[in-house]
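Novice: fold the following, please.
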Amino acid sequence: MGFPGTWMTTSESMVYRVVPKCACSTIGQIMYYSDHGEFFDGDIHDAQSGLHKWGIEESQAAITRNVQAHGSYAFTCVRNPYSRILSSFFDKICGIQRNGKRYRGNLVPKLAYTYGIEVGGDDGKGEFDQIASFRRFLLFARDTIRWRRPMDPDIHWSGMSGHVSTFIVNGGRYDNIFWTEKFNAGMQSVLNAVETPHAVDLATIPRFNESEGHGPKRAHPIEDYFDDLSMHLVYEIYKRDFDLFKYDAQDPSNKLPVGEIDLDEVHAKLGT
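Specialist: Below is the predicted model of the structure:
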């Protein structure tokens, strides 16, 4: 299986396991800048050089050697499951992607027909009942994760624990897992632990939110999207994420973690 979703700087200063919808664009650009003294011109997910990625065949041997020997500082970043699934809905389901098309082709028409989801018209900018449509999307996400119907779960809404675990199961070990909600402190703790060819000043780094503007603006506070049933579904789907990464399953309005991540617990529970 190897190390899917793993990126490494060309200088091998650090190794990062990408978790979708968890500041991965900004982290990738910081890694790129730390090696080259400039940002990648475009979406970092499109970069085919200047950064080792598991998806680039020529990078796989270097990543495997490094990770299995724990040759570099290894980290990942996680996010509150409530805000992550909501972000996935607005970006991937309601939004027009950077290629000018809907995400995954016929996925949205299928959801509109099967689950009664509205997405704001052809351009994603029209008025629609965001709360009702999101709750229907949540049923779809649950169906994909629990029963792999009507399709396999997508990486953007499958559980973070699953992404994080592949790195451990195949022989890697994390030195740091930090929260998107405390990004500057977390990313700074990574930078403090490594030596990079170019210094990174987090205070001046822009946020590379590549999904921003794809879809309609969120019209309500996060907690308005989750009634009792929705909260039950989210906890059913993401129980491991809430427990391991210390988020509050009882209060969707509280995006901040309620405890410290225990790396030994993460490795023990996700390493089998």
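
Novice: now do stretch 27-41: everything it contacts.
Specialist: 7, 9-11, 13-14, 16, 18, 44-45, 47, 50-51, 77, 187, 191, 196-198, 200, 202, 205, 208 (Cβ atoms under 8 Å, 6 or more residues apart in numbering). The C-beta positions use only the backbone N, C-alpha and C, and glycine is treated the same way.

Novice: using PDB, write out every CA atom in stretch 151-166.
Specialist: Provided in PDB are the C-alpha atoms of stretch 151-166 (Å, rounded to 0.1, in the frame of the first residue of the first chain):
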ATOM      1  CA  MET A 151     -20.300   4.800  -4.000                       C
ATOM      2  CA  ASP A 152     -17.100   4.500  -2.000                       C
ATOM      3  CA  PRO A 153     -16.500   7.300   0.500                       C
ATOM      4  CA  ASP A 154     -14.700  10.300  -1.000                       C
ATOM      5  CA  ILE A 155     -11.400  11.400   0.600                       C
ATOM      6  CA  HIS A 156     -12.800  14.800   1.500                       C
ATOM      7  CA  TRP A 157     -15.500  13.400   3.800                       C
ATOM      8  CA  SER A 158     -14.000  10.000   4.800                       C
ATOM      9  CA  GLY A 159     -12.800  10.000   8.400                       C
ATOM     10  CA  MET A 160      -9.500  11.700   9.300                       C
ATOM     11  CA  SER A 161      -8.500   8.700  11.300                       C
ATOM     12  CA  GLY A 162      -8.500   6.600   8.100                       C
ATOM     13  CA  HIS A 163      -6.100   9.000   6.400                       C
ATOM     14  CA  VAL A 164      -3.900   9.300   9.400                       C
ATOM     15  CA  SER A 165      -3.800   5.500  10.000                       C
ATOM     16  CA  THR A 166      -2.300   4.500   6.700                       C
END
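
Novice: distance of residue 215 relative to residue 234?
Specialist: For residue 215, the distance to residue 234 equals 20 Å [Cβ to Cβ, to the nearest Å].

Novice: likewise for residue 82?
Specialist: Taken as Cβ to Cβ, the span from residue 82 to residue 234 is 6 Å.

Novice: also residue 18?
Specialist: As judged by Cβ to Cβ, residue 18 and residue 234 stand 22 Å apart.

Novice: what ranges do the strands span in the stretch 151-272 of the chain?
Specialist: Under the criterion DSSP state E, counting those that start in this stretch, the stretch 151-272 of the chain carries strands at the ranges 176-179.

Novice: first-to-last residue distance for stretch 145-160?
Specialist: Stretch 145-160 stretches 12 Å from its first residue to its last (Cα to Cα, to the nearest Å).

Novice: what's next to that stretch, contact-wise?
Specialist: Stretch 145-160 has contacts (Cβ under 8 Å, 6+ apart) with 5, 19-22, 78-79, 81, 84-85, 88, 91-92, 104, 107, 110, 114, 140-141, 143-144, 163, 236-238, 240-241, 245.
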